[in-house]
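Asks: Have a look; sequence and predicted model below, questions after that.
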Amino acid sequence: MRVVCISAECEPWAKTGGLGDVVDALARAVAAIGESEPPNSTVEHVVQSQVWLGTGGVMGQAPGGVMAHVERPVDVFLPLYRGVPVPEGATRTPMVVPDPLAPEGVTEVHLVEFDARGYRVRLIDHPPAFDRDGYYGDDDGDYADNGWRFGLLCRAALEALLDDDRPVDVLHLHDWQAMPAVLLRDVAYAGYPRISGAAVMVTIHNLAYQGWLSREQLAGLAAPDEIAQLVKPLTDGLLLLREGVKRAELVNTVSPGYAAEVLTPAFGMGMEKLLAGLGHRFGGILNGLDTAVWDPATDEALPAHYSRGDLTGKAECRRALLTEVGFDADDERAVLGMIGRLDPQKGFDLLAAAAKDVLVEGGRIVVLGTGDAKLTADLRTLAKKRPDAVAVIERFDRALARRVYAGSDLYLMPSRFEPCGQGQMIALRYGTPAIVHRTGGLADTVVDADASPNEGTGFVFDAPKPAALRDACGRAMSHFHAGGLAWAELQDRGMAIDWSWEAGPADQYAASYRRAVSLRKER
Ligand code: GLC
């Protein structure tokens, strides 16, 4: 099977969030299938990592699941944004791509290609579209011509695939920016079996972003006759994600928990009926974690290393972190870390509201992130009042993030909704039990230590309210302050989990690709 990913992000070339990490790790992991060792047999703690909607609306295990062979190289198409590091030795080929806005109907772009990290990166270079300050927009909001920009990305990808030696079997499209590829497959490329024969798998990383295009903006994506096939007359425009989902062979989101939640009006963002109507063609596959990149035994950002069974290095990381943020390093009381985009989705406002009580109970808080101005101001005020107990570091700092995961005693992730989330997995792997809201991927990955004393890996609360977060922090801190064997076991259970792509998700995607191919044949 030849698999091609199209995405707006892929680490380390272009990343603003979890999408970039996942596309990179997934491309590497599926390309390695058949060449890697069998999954690690030391897994002691199994998480429910895959679920598909069964008949009658019941979530069940995926049908099939036999290992499928994925051919190398796996391709990843990405825009060449400003600042993308292109390695020496990359090839650069001019290409003519249909463009509904160009006077001649075509635009010249360049395809910049290189092999890296086990897959092939194929960058679409067209400075008017991608050489800008932001990937998706600027201070004034989303770029008005995103339909044209990401339409051009997808057209260029499909044109490149038409010219390749081998036809593509599966187009794996991530989030709304890649949806033009399936729309175009079905209209502009319907007469080209090399493209129209390809199965499409759509992965939704966050349903909150659906890519609205007005009719006017749609004119940048498709020619008038194509638009007529894409939208009914009289409609104002379309949501790219919605239309892509309608046309895909298979659709998944990034955890079983979120897959179940988005079938309800509270989380479905208007797409709940459409997704439920897909039946067994919709499901959830839990993201993996790159366990080589995230490993406290080798992490170069840490002042000391440690691993399961010997946590002496973690104590050193804790002292170093407390010194770095200006806290008393000899104080034994709990340190709660939190990292991320400061926005209400991530629940930073809940923390701001619960923080005073956490401080009263002796806790200290380290926040690393940037974002929402009001939230930032609230947290900053707290830090000013209690510099001994609240540190707010307003920047994007990968190395410090690693030190926060390692040096904290507890990790906070009170997101209102969370398709999968990565921080909680990293924290557990770094021996830092997580405090999470019972939602989406957080609910799938963290087990409450009070409800399940022999299986717990953290602390889970039900309502996204400051009081519920405060109670969970209270429970967590009293376990931490009690310490002893129970605490060591709690940490150890989290560290024992094998989150790697090889342990599950890579095979689940490969099996899904096979299903997508056979579904395409049936159509
Ligand atoms: C999005 C989601 C996050 C998920 C990531 C990768 O950023 O918000 O929950 O982990 O995509 O799939």
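Replies: Cool, the structure landed.
Asks: Need the nearest residue in space to the residue of the stretch 251-400 of the chain at minimum distance from the ligand, chain neighbours excluded.
Replies: Here the residue of the stretch 251-400 of the chain nearest the ligand is residue 254; by Cβ to the nearest ligand atom that distance is 4.0 Å. C-beta: built from backbone N, CA, C; applies to glycine. The shortest distance from residue 254 to any non-neighbouring residue, by Cβ to Cβ, 6 or more residues apart in numbering, is to residue 420 (3.8 Å).
Asks: In contact with that neighbour, which residues are there?
Replies: With contacts defined as Cβ atoms under 8 Å, 6 or more residues apart in numbering, residue 420 is in contact with 18, 22, 205, 254-255, 258, 286-287, 440-441.
Asks: Same question for residue 27.
Replies: The contact partners of residue 27, taken as Cβ under 8 Å, 6+ apart, are 5, 10, 74, 76, 117-119.
Asks: which among these gets closest to residue 382?
Replies: Using Cβ to Cβ, the shortest approach to residue 382 within those belongs to residue 10, at 36.5 Å.
Asks: And that closest one, what's its pLDDT?
Replies: For residue 10, the model assigns a pLDDT of 98.
Asks: for residue 50, same thing?
Replies: Residue 50 is assigned a pLDDT of 79 by the prediction.
Asks: Bridge partners for it, pull those for me.
Replies: Note on residue 50: beta-bridge partners by DSSP bridges are residue 285.
Asks: separation between residue 281 and residue 248?
Replies: Distance, residue 281 to residue 248, by Cβ to Cβ, to the nearest Å: 8 Å.
Asks: Tell me which of these two has more neighbours.
Replies: When neighbours are counted by other Cβ atoms under 10 Å, residue 248 comes out ahead of the other of residue 281 and residue 248, with 25 against 19.
Asks: follow-up on the earlier one: now that we have the contacts of residue 27, which one has the most neighbours?
Replies: That'd be residue 76 among the contacts of residue 27, by other Cβ under 10 Å, with 29 neighbours.
Asks: What separation do you get for residue 450 and residue 482?
Replies: 12 Å.
Asks: again, but for residue 245
Replies: From residue 245 across to residue 482, the span is 48 Å (Cβ to Cβ).
Asks: repeat for residue 198
Replies: 57 Å.
Asks: residues in contact with the closest residue to residue 520 other than its chain neighbours?
Replies: Closest residue to residue 520 apart from its sequence neighbours, by Cβ to Cβ, 6+ apart: residue 199 at 3.7 Å. By Cβ under 8 Å, 6+ apart, the contact list for residue 199 reads 169-171, 249-250, 513, 516-517, 519-520.
Asks: So which of those sit within helices?
Replies: In helices, judged by DSSP state H, the following of those are found: 513, 516-517, 519-520.
Asks: Scan those residues and report the most crowded one.
Replies: Counting by other Cβ under 10 Å, top hit in the ones in helices among the contacts of residue 199: residue 516 with 26 neighbours.
Asks: ok, it touching residue 201?
Replies: Yes - under the criterion of Cβ atoms under 8 Å, residue 516 makes contact with residue 201 at 4.9 Å.
Asks: and for these two, which residues touch both?
Replies: In contact with both residue 516 and residue 201: 170, 249-250, using Cβ under 8 Å, 6+ apart.
Asks: if we take those residues, which one ends up nearest to the ligand?
Replies: When the shared contacts of residue 516 and residue 201 are ranked by distance to the ligand (Cβ to the nearest ligand atom), residue 250 comes first, at 16.3 Å.
Asks: Quick one: neighbours of that closest one, just the number.
Replies: Close neighbours of residue 250, defined as other Cβ under 10 Å, add up to 24.
Asks: confidence score at it?
Replies: For residue 250, the pLDDT comes out at 97.
Asks: can you check residue 336 too?
Replies: As predicted, residue 336 sits at a pLDDT of 98.
Asks: Assign it to helix, strand or coil.
Replies: Look at residue 336: counting by DSSP: H, G, I helix; E, B strand; the rest coil, its state is strand.
Asks: Check which residues of the strand ranked longest in the chain are buried.
Replies: Determined from DSSP state E, the single longest strand within the chain is strand 106-116. Using 16 or more other Cβ atoms under 10 Å as the test for burial, strand 106-116 gives 107, 109-114.
Asks: same deal with stretch 494-504?
Replies: Quick answer for stretch 494-504 (16+ other Cβ under 10 Å): 494-495, 497-504.
Asks: thinking again about what came up before, mind listing which of the shared contacts of residue 516 and residue 201 are in strands?
Replies: Mapping the shared contacts of residue 516 and residue 201 onto strands (DSSP E) picks out 170, 250.
Asks: which of the shared contacts of residue 516 and residue 201 are close to the ligand?
Replies: Residues of those in contact with the ligand (Cβ under 6 Å from any ligand atom): none.
Asks: okay, the shared contacts of residue 516 and residue 201 in a markdown table with distance to residue 348 next?
Replies: Shown next, in a markdown table, are the shared contacts of residue 516 and residue 201 (distance: Cβ to Cβ, whole Å):
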| residue | distance to residue 348 |
| --- | --- |
| 170 | 38 |
| 249 | 38 |
| 250 | 34 |
